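>>> Test case, fold it:
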Amino acid sequence: MKIAIDFDGTCVTHDYPFIGKDIGAIPILKELVNKGHKLILFTMRSGNELDDAINWFSKNDIPLYGIQFDPDQNKWTNSPKCFANLYIDDAALGAPLKYDKLISDRPFIDWSLVDKLMK
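Now for the predicted structure:
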């Protein structure tokens, strides 16, 4: 499966333009890749802030299949929308969110629930 992953509030807490705190995404993202899924970073970040997010994936040994779009979609569409089979984004309707005021003043993805949903 191709999975589009938001960054702020999804991989880390909201702290834009900085990199937010760990919220448990790393082991689950690694597991998804190990199971053969392809991750596409799909974020509003651009410029140096996008580079910071890409470096977060690299530093955590999580390979990205694409950045902002599916590299294969140009073969069958010229749509600007990123193609994916699944989108994980804290702003998505029904996304499993968690609120922990000790680490963030905004809700973020609850990766323990994402892990259960993906099994």
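
>>> give the contact list for Thr43.
Contacts for Thr43 (CB atoms under 8 Å, 6 or more residues apart in numbering) come out as Asp6, Phe7, Asp8, Leu50, Ala53, Gln68. Just so you know, the C-beta spots here come from the backbone N, C-alpha and C atoms, and that holds for glycine as well.

>>> so, if you compare the residues you listed, which one comes nearest to Asp90?
Asp90 has its nearest neighbour among the contacts of Thr43 in Asp6, at 6.3 Å by CB to CB.

>>> ok, now which ones touch the closest one?
Counted by CB under 8 Å, 6+ apart, Asp6 has contacts Phe42, Thr43, Tyr87, Ile88, Asp89, Asp90, Ala91.

>>> Over to Gln68?
So Gln68 contacts Ile40, Leu41, Phe42, Thr43, Cys82 (CB under 8 Å, 6+ apart).

>>> Phe57 touches Pro63, doesn't it?
Yes. Counting by CB atoms under 8 Å, Phe57 does reach Pro63; the two are 7.5 Å apart.

>>> what residues are shared contacts of the two?
Here Phe57 and Pro63 have Leu39 as joint contacts, going by CB under 8 Å, 6+ apart.

>>> So between these two, which is more surrounded?
More neighbours surround Phe57 than the other of Phe57 and Pro63, with 19 against 11 (other CB atoms under 10 Å).

>>> just to revisit the earlier point, out of the contacts of Asp6, which is most surrounded?
Tallying neighbours with other CB under 10 Å puts Ile88 at the head of the contacts of Asp6, with 25 neighbours.

>>> Quick one, grab the pLDDT at it.
Looking at Ile88, its pLDDT stands at 98.

>>> and it, bridged to which residues?
Beta bridges link Ile88 to Ile5, judged by DSSP bridges.

>>> Surely it and Lys2 touch.
No. Between Ile88 and Lys2 there is no contact under CB under 8 Å: 11.7 Å.

>>> so Ser112 touches Pro27, yeah?
No. Using CB under 8 Å, Ser112 is not in contact with Pro27; the gap is 10.5 Å.

>>> Next one: the spatially closest residue to Ile103 that is not a sequence neighbour from Asp100, what distance?
Closest residue to Ile103 apart from its sequence neighbours, by CB to CB, 6 or more residues apart in numbering: Lys21 at 5.1 Å. Using CB to CB, to the nearest Å, Lys21 is found at 10 Å from Asp100.
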